[in-house]
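Asker: got a sequence here, can you build the structure:
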Amino acid sequence: MTAKALQGRCHCGAHRFTATAPEIVTDCTCTTCTKRGTLAAYYAPGTVQLDLTSNALTPYEWGDRMMTFFHCATCGCALYAEAPAWTTETGEARPARIALNARLFEGLDLTAVPVRHVDGRNDW
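Answerer: Numbering: from 1, shown residues only. Presented below is the predicted three-dimensional model:
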């Protein structure tokens, strides 16, 4: 069975993305995620189709892992983030990934998707 592909977009429609429906979303308490109001759906690079309007896309780099967060310069919606591959202090390899803002998926019932809570404010 093939996973269902969903489309997402910012409020004004300048940016769109397509990805499989998330099996789980992450609610992180770090200051960036909380202030942006995102629920993260994580994907491997290359598994997400991004249709972006470059002159209306604003990046923001944050953290020692050099995550880059992108939002729409027109309507302000938090769109997605990119994280490079990195290794934890205990030596665990973490792959590169893209975190889509699951709140932007159209037709996704977020109440039916399990939520993983991460204490990013205190555990990082």
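Asker: who touches the least confident helix or strand in the chain by mean pLDDT?
Answerer: Using mean pLDDT, DSSP states H and E, helix 120-123 stands out as the lowest-scoring helix or strand of the chain, at a mean of 77. Residues outside helix 120-123 that contact it (C-beta atoms under 8 Å, 6 or more residues apart in numbering): 28, 29, 30, 31, 33, 34. For every residue, glycine as well, the C-beta is placed using N, CA and C.
Asker: need those in TSV (columns: secondary structure and distance to residue 62).
Answerer: Shown next, in TSV, are these (DSSP: H, G, I helix; E, B strand; the rest coil; distance: C-beta to C-beta, whole Å):
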residue	secondary structure	distance to residue 62
28	strand	12
29	coil	15
30	coil	9
31	helix	9
33	helix	10
34	helix	13
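Asker: what is the neighbour count of the closest residue to residue 31 other than its chain neighbours?
Answerer: Excluding the flanking residues, the one nearest residue 31 by C-beta to C-beta, 6 or more residues apart in numbering is residue 121, at 6.6 Å. For residue 121, the count of nearby residues is 13 (other C-beta atoms under 10 Å).
Asker: ok, residue 121 to residue 34 distance?
Answerer: As judged by C-beta to C-beta, to the nearest Å, residue 121 and residue 34 stand 8 Å apart.
Asker: which stretches of this protein form strands?
Answerer: Assigned by DSSP state E, the chain shows strands spanning 5-9, 16-20, 25-28, 40-43, 49-51, 57-62, 67-72, 78-83, 86-87, 93-94, 97-101, 115-118.
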